[in-house]
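Peer 1: Kindly generate the corresponding structure for this input.
(2 chains)
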Protein chains: 2
Amino acid sequence: MIETPYLLFLGDAPDMLAAKVAIGIRDWRPENALGQIRLPGCGADLGLNDMTLAEAKAAGAKTLVIGVANRGGMISPAWKEVLIQALEMGFDLASGLHNLLRDEGDLVAAAQTFGGTLHDVRVPTVGYPIANGVNRTGKRCLAVGTDCSVGKMYTALAMDAVMQERGMKSTFRATGQTGILITGHGVPLDAVIADFMAGSIEYLTPDNEEDHWDMIEGQGSLFHISYSGVTMALVHGGQPDALILCHEPTREHMRGLPGFSLPSLEELRDTALPLARKSNPACQVVGISVNTQHLSEEDAVAYMAQVEDRMGLPTVDPYRHGAGRLVDALAAV
Amino acid sequence: MIETPYLLFLGDAPDMLAAKVAIGIRDWRPENALGQIRLPGCGADLGLNDMTLAEAKAAGAKTLVIGVANRGGMISPAWKEVLIQALEMGFDLASGLHNLLRDEGDLVAAAQTFGGTLHDVRVPTVGYPIANGVNRTGKRCLAVGTDCSVGKMYTALAMDAVMQERGMKSTFRATGQTGILITGHGVPLDAVIADFMAGSIEYLTPDNEEDHWDMIEGQGSLFHISYSGVTMALVHGGQPDALILCHEPTREHMRGLPGFSLPSLEELRDTALPLARKSNPACQVVGISVNTQHLSEEDAVAYMAQVEDRMGLPTVDPYRHGAGRLVDALAAV
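Peer 2: Got it, this is the predicted structure:
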């Protein structure tokens, strides 16, 4: 559990693309994003208040979140100065970087001296159980994709936001580092030991009120040979009542795997649903989320109409047209 | 890579069941099993020469292998005396126990002093790559099961042994601690970090001669919700040319999961084969291995005849009747 609200550290991010994590926090949990702090030469701007550490502290910020991807895998000396100062002032630090805060001796020393916590959200800190498959109360929705990086996290966050607006009971359940930084908690599934993957998802989505939905962030794809085991653990550990199929229609091959073509949405449905029904016999596919960022508005609308007709399921791009129809479908489960 | 041959440490094993690992080594790699060493009160006997450490050393033994499951998860003081003596005499130690040799300060100290190696085969020692799915030369066979513990390791070992007898090129590829201790190398798949599972299997089964078969030890089951992700990584990382379906016909529910019924062999075939073809479009199901230990000879023969007729695939219990027919089927691929 990372303490909120955050001050978002953008460092010397060359552009907005490098600040993807910070943008996610600002967009999905604006109440957590108290302000931004930038170094000279920073090319990113979230449109938040630029704050000094002291100003942010006075305004109640608890954690300095590294909201930027670093170059070359190094935590640079320029960053270190701010990070150590933050620890001295009583901030915790949180990072989803590959290179860990805890591997930096000066940060560890400062954290120990001043009582701060270093959150490396890529590293599991819980001893997860082995999955037991016992039926849990409450409802769960999982986004599964024809490929990696087709919009599964976005879909779950967008649906969760609509559900909150409508006064429905829902919780976004993060399974990757960006999601964990956005919400302050979750399971870094790709770093969990094989035997405990499904159990970590059971742990993440425990018993709940009957009308509460866990909106589980998907990972990988059952068809992506590098990560399919991770996806499988979500399908079985998540015990989903509802699946959302996610797709990016212009992709020419599986991400990072030239020569591997994407499955059809039908193939995804026919593979994922029987597997999901092993852990939850009542599971249904309720809708389709299409990432149409590489299509014109006209082409996107035509494509989704065709898919909706073919599959008989509400089909939307939640970024372009909102997630309302997917939530309608979920509410009908 | 664990150095062979071994001296098998049976400790104070109360019975043969506790010496399962040692029995596996004796049965499958007798050339690795130079002798046994037992403590007072040991109720297990492999029928090997009882040797002192000095006798085994003189006979060329390189590694003292803990071939017994310990009680209560402790490495007892009675064991310690022998283990430390072994290190002093220049042995390496190897163990598949849950509690690790490397967590015992006195063993670590002795290993450092005398230059021995502590092999905890449950712990990965390699930085495995992310799977890339690139087609590899040589052939691979994977045993997949309707459940855990239905005889997948036994099937692969038995087929490998027949292939060796026939002069075929094959290598048993261990993916669990018993298999690793038997052969001296492999991947402890259930302890690998999620993102690297499929890559670890690619690493384990690299390019090889066109007529060489890797006989990959299966793990878990695509239908076992606790471990299905591990199995999925084998199906995709293993890039199998051939699948063997494994089944135990008397089991009333999935192992450790009351209320979860086993899939049919047809369901296993129809689930595993399309998934395997994502990584190897040429994959075929070539045979069925039935664990008939809980059936009479008559019932076993009748059951297998019925399955063979129904599925149109050679169906055998390799323990009862040998793996020859499964190897025939593999040779025809």
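Peer 1: Every contact and neighbour count from this point should use C-alpha atoms.
Peer 2: Fine.
Peer 1: for the residue nearest to A:D50 when sequence neighbours are not counted, helix, strand, or coil?
Peer 2: Of all residues not flanking A:D50 in the chain, A:Q36 sits nearest, at 5.0 Å (Cα to Cα, 6 or more residues apart in numbering or on different chains). When classified by DSSP: H, G, I helix; E, B strand; the rest coil, A:Q36 comes out as strand.
Peer 1: For A:Y6, see how far away A:Q36 is.
Peer 2: From A:Q36 across to A:Y6, the span is 9 Å (Cα to Cα, to the nearest Å).
Peer 1: secondary structure element for the residue of the stretch 1-150 of chain A found nearest chain B?
Peer 2: Residue nearest to chain B within the stretch 1-150 of chain A (Cα to the nearest Cα): A:A131, separated by 4.7 Å. Assignment of secondary structure by DSSP states H and E places A:A131 within no helix or strand.
Peer 1: The residue of chain A most remote from its centre in helix, strand or coil?
Peer 2: Distance from the centre of chain A peaks at A:T113, with 32.3 Å (Cα atoms, centre = their mean). Per three-state DSSP, the local secondary structure of A:T113 is helix.
Peer 1: what do you get for A:V82?
Peer 2: helix.
Peer 1: about what we covered before: give me the more crowded residue out of A:Q36 and A:Y6.
Peer 2: A:Y6 (31 against 26; other Cα atoms under 10 Å in any protein chain shown).
Peer 1: mind checking which helix or strand A:H119 is in?
Peer 2: Counting by DSSP H and E, A:H119 is part of strand A:118-120.
Peer 1: can you check A:Q164 too?
Peer 2: Judged by DSSP H and E, A:Q164 forms part of helix A:152-165.
Peer 1: Show me what counts as buried in that helix.
Peer 2: A:152-163 (16 or more other Cα atoms under 10 Å in any protein chain shown).
Peer 1: by contact count, what packs against that helix?
Peer 2: Packed against helix A:152-165 by the contact rule (3 or more Cα pairs under 8 Å, 6 or more residues apart in numbering or on different chains; DSSP states H and E) you find strand A:139-145, strand A:169-173, strand A:212-216, helix A:318-321, helix A:324-331.
Peer 1: hey, which of the ones you listed is tucked in deepest?
Peer 2: strand A:139-145 (a mean of 28; mean count of other Cα atoms under 10 Å in any protein chain shown).
Peer 1: Partner strands of that strand, with direction?
Peer 2: strand A:212-216 (parallel), strand A:242-247 (parallel) (DSSP bridges).
Peer 1: and it with helix A:324-331, angle?
Peer 2: 130 degrees (axes from the mean of the first three to the mean of the last three Cα atoms, to 10 degrees).
Peer 1: contacting residues around the closest residue to A:S264 other than its chain neighbours?
Peer 2: Once flanking residues are discounted, A:S264 sits nearest to A:T146: 7.2 Å by Cα to Cα, 6+ apart. By Cα atoms under 8 Å, 6 or more residues apart in numbering or on different chains, the contact set of A:T146 is A:221-223, A:245-248, A:262-265, A:268.
Peer 1: What about those, which are in helices?
Peer 2: Counting by DSSP state H, the members of the contacts of A:T146 that fall within helices are A:265, A:268.
Peer 1: Among the contacts of A:T146, which pair sits farthest apart?
Peer 2: Greatest spatial distance among the contacts of A:T146 (Cα to Cα): A:L222 and A:E248, at 15.2 Å.
Peer 1: These two: who's more crowded?
Peer 2: Neighbour totals were compared for A:L222 and A:E248, and A:L222 leads with 29 against 22 (other Cα under 10 Å).
Peer 1: follow-up on the earlier one: in space, what's closest to the residue of the stretch 1-150 of chain A closest to chain B - neighbours in sequence excluded?
Peer 2: Nearest one to A:A131, counting by Cα to Cα, 6+ apart, is A:G199 at 3.7 Å.
Peer 1: What is the burial count for the one you found?
Peer 2: Neighbour count of A:G199, defined by other Cα under 10 Å: 27.
Peer 1: Contacts only, for it.
Peer 2: So A:G199 contacts A:128-132, A:237, B:226 (Cα under 8 Å, 6+ apart).
Peer 1: that older thread, avg pLDDT for the helix holding A:Q164?
Peer 2: Averaging pLDDT along helix A:152-165 gives 98.
Peer 1: Specify the angle between it and helix A:324-331 in degrees.
Peer 2: Helix A:152-165 runs at 70 degrees relative to helix A:324-331, counting by the same axes, to 10 degrees.
Peer 1: chain center to helix A:152-165, what's the gap?
Peer 2: Distance of helix A:152-165 from the chain centroid (Cα atoms, centre = their mean, to the nearest Å) equals 11 Å.
Peer 1: ok, now stretch A:277-287?
Peer 2: Relative to its chain's centre, stretch A:277-287 lies at 22 Å (Cα atoms, centre = their mean).
Peer 1: Kindly report the same for stretch A:128-135.
Peer 2: Put simply, stretch A:128-135 sits 22 Å off its chain's centre (Cα atoms, centre = their mean).
Peer 1: what's the answer for stretch A:79-95, then?
Peer 2: Distance, centroid of stretch A:79-95 to centroid of chain: 24 Å (Cα atoms, centre = their mean).
Peer 1: tell me the contacts of A:T183?
Peer 2: A:25, A:29, A:172, A:174.
Peer 1: what does chain A put close to chain B?
Peer 2: Proximity of chain A to chain B, by Cα under 8 Å from any Cα of the partner chain, involves residues A:130-133, A:189-199, A:223, A:225-233, A:236-237, A:256-257, A:260, A:271, A:275, A:278-279.
Peer 1: Now with 7 Å, please.
Peer 2: Chain A comes close to chain B at residues A:130-133, A:190-195, A:198-199, A:225-230, A:232-233, A:236-237, A:257, A:279, as judged by Cα under 7 Å from any Cα of the partner chain.
Peer 1: Can you flag the buried ones in those residues?
Peer 2: A:130-133, A:190-195, A:198-199, A:225-230, A:232-233, A:236-237, A:279.
Peer 1: Secondary structure element holding the residue of chain A found nearest chain B?
Peer 2: Chain A approaches chain B most closely through A:G229 (3.9 Å), counting by Cα to the nearest Cα. Assigned by DSSP H and E, A:G229 belongs to helix A:228-237.
Peer 1: relative to strand A:139-145, how tilted is that helix?
Peer 2: Going by the same axes, to 10 degrees, helix A:228-237 makes 160 degrees with strand A:139-145.
Peer 1: Show me what helix A:228-237 is packed up against.
Peer 2: Other helices and strands packing on helix A:228-237, by 3 or more Cα pairs under 7 Å, 6 or more residues apart in numbering or on different chains; DSSP states H and E, are helix A:197-204, helix A:265-279, helix B:228-237.
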